[in-house]
Every structure is written in C-alpha cells, then in structure tokens.
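J.: after the sequence you'll find the predicted model.
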Amino acid sequence: ELKVEQNPLFLSMQEGKNYTIYCNYSTTSDRLYWYRQDPGKSLESLFVLLSNGAVKQEGRLMASLDTKARLSTLHITAAVHDLSATYFCAGNEQKTSYDKVIFGPGTSLSVIP
Amino acid sequence: NAGVTQTPKFRILKIGQSMTLQCTQDMNHNYMYWYRQDPGMGLKLIYYSVGAGITDKGEVPNGYNVSRSTTEDFPLRLELAAPSQTSVYFCASSDGTGGEKLFFGSGTQLSVL
C-alpha cells in the first residue's frame, strides 16, 4: 500500500525567505499531486507531476518529482504572508484496473513578517 | 459551472443515528472519492468509485457505505454513527484519464455526540 510522508509537518518562516517541503512516498506512483488548503476551506490543486524529472512553477511555488528517489519537493521562493496555508502532497496507488489517490499528512505553513 | 456539490455543510448527529452525505458533480467525471479529514490531520480515503456501479474501499471504510447508481452522484452513508466519525468529509472527482487533478467539494462538517 502506498504511504505518503511529508517533512516538515509544521513550518514557520519569515517573509522573503526560501524553504522546501519534502514529500516521500513508499511505493511506485505514476503521478504526484500538490494541493493547498486554507483554514476551514476545501482543497485547491496546485500541481500535477507526471514523470521523473518533472518541474512545474506557479508564482513563488515550484514543484519537482524524482521517481527513482520517490521524492517530490515544493520549493517556496521569497515567501509572502498569502502563502500561509496547509500544503498536501498525494500519490497515485495503482491497482489492477484503476487507481486511488492517497494523501500525506500535510505541512502547515505560517509566513510571518 | 457548479463543479462538486456537497450537502449538508454542517450536521450534528446523536450516537447510533444514521445519515447520508450527498455529493454530486456536473463535470461528467468517472472517478469520485470520499475523504475524511480529522482536525489538524491529512485526508484519509474512505471509498472511491471509477464509474457507475463500481466502488471500492479506501483506507478507512469501516462504518460507511457508498453507492454509485449514476455518473453524477456518489452518496456516503453512515450507519450507527459513532463519536469517532466526527470529522470533515470531502467529496472529490476527476475524469480518470490520467494526469488529472481532483476537484473537491466544499466539505461537510459532521459532529457525532
């Protein structure tokens, strides 16, 4: 069964600083997702990474995928307060005919002035 | 475009009561999912479906039942509610063609007292 871990679980960072959130997964997953959740809200898709070496960027966030290491990273550049949220990664557990999406525990990010 | 619609948004149940959480999507998606999110935690997959008439268990299916009679609807049934089922429940859908993101509903906050 696919297990997804994230590190760190809690992150407090100053505005303007850079940081990376790590996502490790236990078995083969042919795609990796990143989602954002604001307090009391639903989840919003950030990135879908489909292949080894995939890199996607949106504003101050950049996600990458290394399928050989079973590792994805979410890099935050020059953090701003609006990025404060919980970030989830998720992998795709493949079954014989269809697959299911399994989430990690989330990283709660607080960006402080 | 409504996307994924969940009802109700809030509900309080007494121990032993039953209820159905409704989820409907208007995007003609094949895949639908039910997740639960406990306070400060990640999402756990309860059940999922890859099309009308096809459902499968996720990580935490005990105490729940689902059905998928149409492409649009994927209700989640709680029988004999227990305090351990106090959680926020999210329904999600995707088109299942590969590489696609999940679209989430706004969630149902359920308390069992």
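T.: The structure has been received and is ready for your questions.
J.: okay, CA-based contacts and neighbour counts for the rest of this
T.: Fine.
J.: for chain A, what helix or strand is lowest in average pLDDT?
T.: strand A:99-103 (a mean of 84; mean pLDDT, DSSP states H and E).
J.: quick one: the strands in chain B?
T.: Assigned by DSSP state E, the strands in chain B fall at B:4-7, B:10-13, B:19-25, B:31-37, B:43-51, B:54-57, B:64-66, B:76-78, B:87-94, B:103-104, B:108-112.
J.: can you list these in TSV and add mean pLDDT?
T.: Compiled in TSV, the strands of chain B are given as follows (pLDDT from 0 to 100):
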stretch	mean pLDDT
strand B:4-7	95
strand B:10-13	96
strand B:19-25	97
strand B:31-37	94
strand B:43-51	92
strand B:54-57	92
strand B:64-66	97
strand B:76-78	97
strand B:87-94	95
strand B:103-104	94
strand B:108-112	96
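J.: what's the closest of the ones you listed to A:Gly59?
T.: strand B:103-104 (21.2 Å; Cα to Cα).
J.: that closest one pairs with which strands?
T.: When pairs are called by DSSP bridges, strand B:103-104 turns out to pair with strand B:87-94 (antiparallel).
J.: now do the partner strand against strand B:31-37, angle only.
T.: Angle, strand B:87-94 to strand B:31-37, by axes from the mean of the first three to the mean of the last three Cα atoms, to 10 degrees: 160 degrees.
J.: tabulate the strands of chain B (JSON lines), appending mean neighbour count.
T.: JSON lines is the format used below for the strands of chain B (neighbours: other Cα atoms under 10 Å in any protein chain shown):
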{"stretch": "strand B:4-7", "mean neighbour count": "20"}
{"stretch": "strand B:10-13", "mean neighbour count": "14"}
{"stretch": "strand B:19-25", "mean neighbour count": "19"}
{"stretch": "strand B:31-37", "mean neighbour count": "25"}
{"stretch": "strand B:43-51", "mean neighbour count": "23"}
{"stretch": "strand B:54-57", "mean neighbour count": "15"}
{"stretch": "strand B:64-66", "mean neighbour count": "18"}
{"stretch": "strand B:76-78", "mean neighbour count": "19"}
{"stretch": "strand B:87-94", "mean neighbour count": "25"}
{"stretch": "strand B:103-104", "mean neighbour count": "23"}
{"stretch": "strand B:108-112", "mean neighbour count": "19"}
